[in-house]
Each structure stands twice: as structure tokens, then as C-alpha cells.
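Trainee: Predicted model and sequence below, questions to follow.
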Protein chains: 2
Amino acid sequence: MTQNPSLSPAPFTFDVQACDGRARAGVFHTPHGDILTPVFAPVGTQATVKAVTPAQLHELGVNLILSNTYHLYLRPGDERIAALGGLHRFMNWSKPILTDSGGFQVFSLTGIRKIDEDGVNFKSHIDGSMHRFTPEKSMAVQENLGADIIMAFDECALPHDREYSQQAMVRTHAWAERCLRAKSHPTQALFGIVQGGVFLDLRKQSAEFIASLGFPGHAIGGLSVGESKIEMHAVLELVDGILPESKPRYLMGVGTPEDLIHGVLRGIDMFDCVLPTRLARHNAALTRAMGRLNLVNAAYAEDPTPIDDTCACYTCQHYSRAYLRHLIIAKEMLAATLLSIHNIHTLVQLARDMRQAIIEERFDAFTAENFRKREQEG
Amino acid sequence: MTQNPSLSPAPFTFDVQACDGRARAGVFHTPHGDILTPVFAPVGTQATVKAVTPAQLHELGVNLILSNTYHLYLRPGDERIAALGGLHRFMNWSKPILTDSGGFQVFSLTGIRKIDEDGVNFKSHIDGSMHRFTPEKSMAVQENLGADIIMAFDECALPHDREYSQQAMVRTHAWAERCLRAKSHPTQALFGIVQGGVFLDLRKQSAEFIASLGFPGHAIGGLSVGESKIEMHAVLELVDGILPESKPRYLMGVGTPEDLIHGVLRGIDMFDCVLPTRLARHNAALTRAMGRLNLVNAAYAEDPTPIDDTCACYTCQHYSRAYLRHLIIAKEMLAATLLSIHNIHTLVQLARDMRQAIIEERFDAFTAENFRKREQEG
């Protein structure tokens, strides 16, 4: 009787619990707990979701956060984090974590770089020092960090350059295979990434190739980087028909309440975005029905109402727009905290509500209602 | 039977529950709850204790905060706060609040000013606009804010200028009488302030005069502004023998763990200071036994231990020095939040521990133990 007596499901299995049209409600099992989908993950770039504590994230019902491999590799260093017990312990987050591959930041944040078939040379945005990422290096860094879900090292091209999109896709495919070979920790799930810009033939080729490699989950990369919503939706509809339904689908770097609904309508299960915390630091509140409110606006100076009187978050339950505006004008840090709490709640609650609507087979009515509200208020 | 059936004690009565030497453990009853003394009040200058939420303050066991009349009068305006339901509601703080009179800030923060017997003209540090505070105006502003404890408008002189100390004291006495006449809300307790710099004859005169006016509580102002510890302690010992024992004594703008202990040893019940939150924003952790730790220090980069392994605060229970240093180096707001939580805890817990030691009649042993620890570590 040396067998593990635990009855919990094997890590990294994905159970689709309900479908409504293409939308799915599921559960992805990880060593740090179950992720109920659809799920929105706030971003903790530097091992902290900016301006909020893990205790506040728990209270918000967040059950997945993303952290950035590129940033943590440079500072404080993945080996240092490993020596301190891994990222969960370092940042005091006991639920699931996803790390990206570092690819997107290397291509978007760093200055001088050289790309070859083997990897990428880049210059630190912090101190200008030179570094090199390869698929193997990205796996090693992500294994040091120890997130539950790790991402294959990919190249994200500008969406409308066909030749570059094709080159980047071919490289992304070769690198995906190398990541699979390099990955060694059974406590981490490696997701593959579909690339191909806005070109449907490339996306088809990429989704088929990535799906063939047997990853436990699939991401769609290279969207929300400048293409139109029509182009984004066309890509999502295409890959939805190709990626296996038994694995979670993750739309990277998205996004707004509308983008989440459009994604779920097209079979997406997971999202992440810096939007809620970045908007908060720019004084903006994200709402489901009213769009964005910029609380620095003088119109709010004497407004005793909350950001959104239908919202159940700590901020809306306790603070007026007038108080939030005062904090912003007085340059008080609490403004970013209270707005981050509200904005994260908006997206996390939207994901929960979508899940419930799917389970109750009323997702069409839910989306119609939500889009109608936006149009009335917009 | 139209009588109020509530059994709670009349507001603003002070019960001394235990004495040990000159140290006292008491309870001050206010409309927003009881204040157990000795008490340390964190400062929420602009209607927020910087970088922490009221929920976090509740968790820390904070039961009194101070807010600044000068700042709130200028921004967002005391009339606006009154229109929004008062300061408690505005900032979502349901426990007791104390507002200062605005005097100290007018004399320390503003540029051009003119003092006469009637009041002070000053220039806003925000936009340079001209304003005038009188005792009556300070009362009106503090009544608009609606704190439980409000302070008489006083003039704080530099501690070593005898002539100015005497002039300021005389004005402070006249203004104290005008504040008493101007004050009108029965739901607020007005405290008088003893001035007189480091001059014991002036302090004696001031304590006797202020004590004669019948305030429900007394403050000692004009300390911790540049005088020596010996001078501070001499003033405290002097006024301790004059101020009535049946009223709480409040040492304004103090301070450090040592200052709190020295104050309680000399009959002080209440303290406030920006120190814990200001140090936090300068990367410093306040400890009872180890003095101050500057967490930006490279020595902490790989240190897996908490700030203080004897500390029960959220920060010390969950975060390493290495993580806190990372947040500081990465310029993450969470650093200020986690350090503020720790620093406030240090002083609030010290006040609680002093209270317990007084009740158990072991305050001498407690102070000896605490001062010995400091010397060993220092």
C-alpha cells in the first residue's frame, strides 16, 4: 500500500463540465488546486499583482495569476527564486500560477536583439546587459520559477506582415518541439502556442501542428496586438475547430469584458491581461455595462455613488466616486489599490457569471444581455 | 420609557482600569467605539492611511486613526466631506477618528503667514492660495469633518526660543478658551493642548491653565520637534503631576517604540505618528528589538527569513526579506503596503503589550526587558 491515497484527480486533466454552443465550462486540475473555467488571470509581472496583496486576490476569488518569465529572470533572477523555494512561496500565492515563456517580452520590450534558428539575443531593459533565450533556456527558467502552467518559447510577429508571420510560425513550431523535449518537471504543464498572425492559412497550419504535439493545453498567441476585432474573431473561430476539445484553450493577453465574452463564445477557456491593474494606475474603472470611467473627471468630485452600483466588490461596497477622485487628485496609493480591486473583480466576476450561464444553458441570452447593455450605455 | 435603552457608557468618559507606577491602562468611550489605552494611532493625513486599506487596519487591530484638518480643509474641502456624510463615511472608517486642529501644519508646512491674536493667515502648499484659520474656523472645519476627538487650535513654537514659546503659549491659552466657546457638537470631544516648549515654568503654567478649563482630554504639544529626550521626559514628568488623572493624556506626533514606552512610563495614554507609514515608504522596517532595518540593503537579497521572526503580522507571517527587497528594487507599490502593515503592527502591538503588562502589574519588568533587548541588538 505505497500508493498515494489522495482521491484528487490527476494534475493537468481537463474536464469539460458543460457546453452551450461553442462555449464551455470546465475544470483544469493543477497541483495547486482546480481552475474553474472560463477563468480570467490577473498579471503579476514582477511576482506581485500591482497594488494588491495576495489576501485581497483570494478575497476577489482569483484562482490563477500570470507572472512574467522575462522580468523574473532579469530581476530578482530565477535561480534566486528557486533557492527561496519557488515562485509560489516567494510571492505567497498558494493557488495556481502560469508563467509565460519570455518570448513576447523579448520581442516587445528589449532593444537590440538577434534572432536565429536556435534562439534570441536581447538586451535587458533594466541595465542594458546582454542575454540569450533559447527554448531550452526558457524551460530551465520556468522550471526554476515552478509555476503550474508554463508556456512554450514562441516568436510573436507583427500581425500583418505575412512573410515574417510565416517565418515566426515556423520557428515557433520548431521551438515547441524543443520545449517538449527539454521540459522535465512532472508538476508543471507545458502549453503549446499557436501563431500565424491574421493569416488564416498560417493559423490553420499552426493549430494543426501544435495540436499534433500532445500538449495538455493550447494557447493562441499573437492576438490583441494591433489586428481588428473581425480578424481576431476569425482566427478564434478557425482554431476552435482544430484544437482538441479535451484540452483547455488560452487566449493570451486578452482583455476587455467584450473580448472575454467574444472569446468564450468561440471556445476559449482562459484569459490573462494587465488591463485591469494598468487601467487602475491610470485612474480608470472598468465596468461591464458602462465601459470605462475616468475617475479624475471633475464631474465625480461630489458624487456619493460607487463606481458601479450593481457591483459587489469591496471598493463599490464602501467607497464613493468622490472619495476615489480625492485619492487620485491627492496622489494617494490607495487609489490604485481600490481601482485594481474593482477592475479585477469586474473581469473575475464576468468569468464566473459566464461559467454559470453556460452551466445553465443560457449563454446566448447572457451575451445578448451584456452586449445590449453596453450599446445602451455606450 | 422614552429613555435610550443602551447600556453603553456615556461618550467621552475615561475609565482608568489599572495603574502600575505612573503607567495607566484605561478605556475612553466614544460614539464610534471604545479606545483601549495605551493606544497608538496611525495617521491618515489625506483621509487615508497611506498604502493600506481600512480592512487591513481593522485586521491590525487599529482602533483610532488621526487625520489632518489642514490637508482636508484644502483638499477635498471640509464642506464637501460634510456633504458626503462626514469623514468616517468618506474614508470608510467606522471606528474612532481624531482630527488635529490644523495649527501644526499651518506653522510647519505653509510659506508666507501672518499671526495675530485673532488667528493665522497662510498660503496653501498646494496652489499658493491664501487662507485664514482662527480658533472658531478650526472648530467649524473639525465639526464638518466629524471626528470623535477634535483638537483646540494651538500655536507650536520652536522648542528652544523662550520668548516665542511664551508668546505662543499665551495665544494657545486664549485660543483654547475660544475653541471651547465655539465648539457645538455633543458627539465630539474637544481636547486642550499644553504648550511651552522645553521651559518647565512655562509648561507648568500651561498645564495648570489648560487643566482648569475642563476639557475631557489633554494633549501635550510641541514635543518631538527637535528637543532632546531628556528635555522631553522632563516635560512629561512635570505635566503628569498636573493634568487630572481622570482624563486621557495624549502625546502628539510621537513616535518610536522607545518614545511610546517612555511616554507610558510617564502617564501618557495616547500617541500618534506618521513614522510607521513614512518609514515604510522609505523601505525601512521598524522593530521592537532590532531597531530599523533598511530592506534595500543588498545583504537581504537572498535572505529567506521574515523582517522579525517574533512578529505575528501578515507581512512577517508570509514574506521573506528577500521578497520585500525585490519589491523595493522593482519599485512595486506592494513594498509600501507590506512594510506599512508591519510597522503599524509593531507600534499597535507594543501598545497592546504595554496595556497587558500594566494590567498584570509587571510594567517595570516589561520596560526593562524591552530596553535591554534594544541595547543588546543595537
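Mentor: Yep, it's here.
Trainee: What's the per-residue pLDDT of the residue nearest to residue A:151 when sequence neighbours are not counted here?
Mentor: Nearest in space to residue A:151, with sequence neighbours left out and distances taken as CB to CB, 6 or more residues apart in numbering or on different chains, is residue A:101 at 4.3 Å. The way it works is simple: take the backbone N, C-alpha and C, and place the C-beta from them, glycine included. On pLDDT, residue A:101 comes in at 95.
Trainee: Which positions in chain A make contact with chain B?
Mentor: Residues of chain A lying close to chain B by CB under 8 Å from any CB of the partner chain are A:46-48, A:50-56, A:75-76, A:80, A:83-85, A:90-92, A:301-302, A:304, A:314, A:318-320, A:322-323, A:325-327, A:329-330, A:332-334, A:336-338.
Trainee: ok so, going back, can you pull the contacts of the residue nearest to residue A:151?
Mentor: A:69, A:138, A:142, A:150, A:151, A:152, A:153, A:154, A:179, A:193 (CB atoms under 8 Å, 6 or more residues apart in numbering or on different chains).
Trainee: Residue A:240: neighbouring residues, count only.
Mentor: 18 (other CB atoms under 10 Å in any protein chain shown).
Trainee: my guess is it contacts residue A:22, does it?
Mentor: Yes - counting by CB atoms under 8 Å, residue A:22 is a contact partner of residue A:240 at 6.0 Å.
Trainee: Give me the common contacts of those two.
Mentor: Contact criterion CB under 8 Å, 6+ apart; residues shared by residue A:240 and residue A:22: A:266, A:267.
Trainee: The residue nearest to residue A:97 when sequence neighbours are not counted and residue A:72: what is the separation?
Mentor: What sits nearest to residue A:97 in space, not counting adjacent residues and going by CB to CB, 6+ apart, is residue A:147, at 4.1 Å. From residue A:147 over to residue A:72 the distance is 10 Å, taken as CB to CB, to the nearest Å.
Trainee: any residues in contact with both of these two?
Mentor: Joint contacts of residue A:147 and residue A:72 (CB under 8 Å, 6+ apart) are A:87, A:99.
Trainee: quick one, strands of the stretch 101-250 of chain A?
Mentor: Ranges of strands in the stretch 101-250 of chain A, per DSSP state E, counting those that start in this stretch, are A:113-115, A:120-123, A:130-133, A:149-151, A:189-194, A:218-220, A:249-251.
Trainee: Including mean neighbour count and mean pLDDT, could the ones you listed go into JSON lines?
Mentor: Shown next, in JSON lines, are the strands of the stretch 101-250 of chain A (neighbours: other CB atoms under 10 Å in any protein chain shown; pLDDT from 0 to 100):
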{"stretch": "strand A:113-115", "mean neighbour count": "13", "mean pLDDT": "83"}
{"stretch": "strand A:120-123", "mean neighbour count": "19", "mean pLDDT": "92"}
{"stretch": "strand A:130-133", "mean neighbour count": "16", "mean pLDDT": "95"}
{"stretch": "strand A:149-151", "mean neighbour count": "28", "mean pLDDT": "98"}
{"stretch": "strand A:189-194", "mean neighbour count": "28", "mean pLDDT": "98"}
{"stretch": "strand A:218-220", "mean neighbour count": "28", "mean pLDDT": "98"}
{"stretch": "strand A:249-251", "mean neighbour count": "27", "mean pLDDT": "98"}
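Trainee: Make JSON lines from those strands and add distance to residue A:173 to it.
Mentor: As requested, the strands of the stretch 101-250 of chain A are arranged in JSON lines below (distance: least, CB to CB, whole Å):
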{"stretch": "strand A:113-115", "distance to residue A:173": "15"}
{"stretch": "strand A:120-123", "distance to residue A:173": "16"}
{"stretch": "strand A:130-133", "distance to residue A:173": "17"}
{"stretch": "strand A:149-151", "distance to residue A:173": "15"}
{"stretch": "strand A:189-194", "distance to residue A:173": "9"}
{"stretch": "strand A:218-220", "distance to residue A:173": "13"}
{"stretch": "strand A:249-251", "distance to residue A:173": "18"}
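Trainee: Any idea which of those gets closest to residue A:279?
Mentor: Ranking the strands of the stretch 101-250 of chain A by proximity to residue A:279 (CB to CB) places strand A:249-251 first, at 18.8 Å.
Trainee: C-terminal to that closest one, which secondary structure element comes first?
Mentor: As assigned by DSSP states H and E, the chain's next helix or strand after strand A:249-251 is helix A:257-265.
Trainee: Mind listing residues that contact that following helix?
Mentor: By CB under 8 Å, 6+ apart, helix A:257-265 touches A:21-24, A:38, A:40, A:224, A:229, A:232-233, A:236, A:251, A:254-255, A:271, A:286-288, A:346-347, A:350-351, A:354, A:358, A:363, A:367, A:370-371, A:374.
Trainee: Quick check on those: which are buried?
Mentor: Buried subset of these (neighbour count, 16 or more other CB atoms under 10 Å in any protein chain shown): A:22-24, A:38, A:40, A:224, A:232-233, A:236, A:251, A:254-255, A:271, A:286-288, A:346-347, A:350-351, A:354, A:358, A:363, A:367, A:370, A:374.
Trainee: among those, which are in helices?
Mentor: Members of the buried ones among the contacts of helix A:257-265 lying in helices (criterion: DSSP state H): A:232-233, A:236, A:346-347, A:350-351, A:354, A:358, A:363, A:367, A:370, A:374.
Trainee: if you skip the residues just before and after it, what's nearest to whichever residue of the stretch 101-250 of chain A sits closest to chain B?
Mentor: Per CB to the nearest CB, residue A:126 is where the stretch 101-250 of chain A lies closest to chain B, at 9.2 Å. Computed as CB to CB, 6+ apart, the closest residue to residue A:126 that is not its neighbour in sequence is residue A:74, at 5.7 Å.
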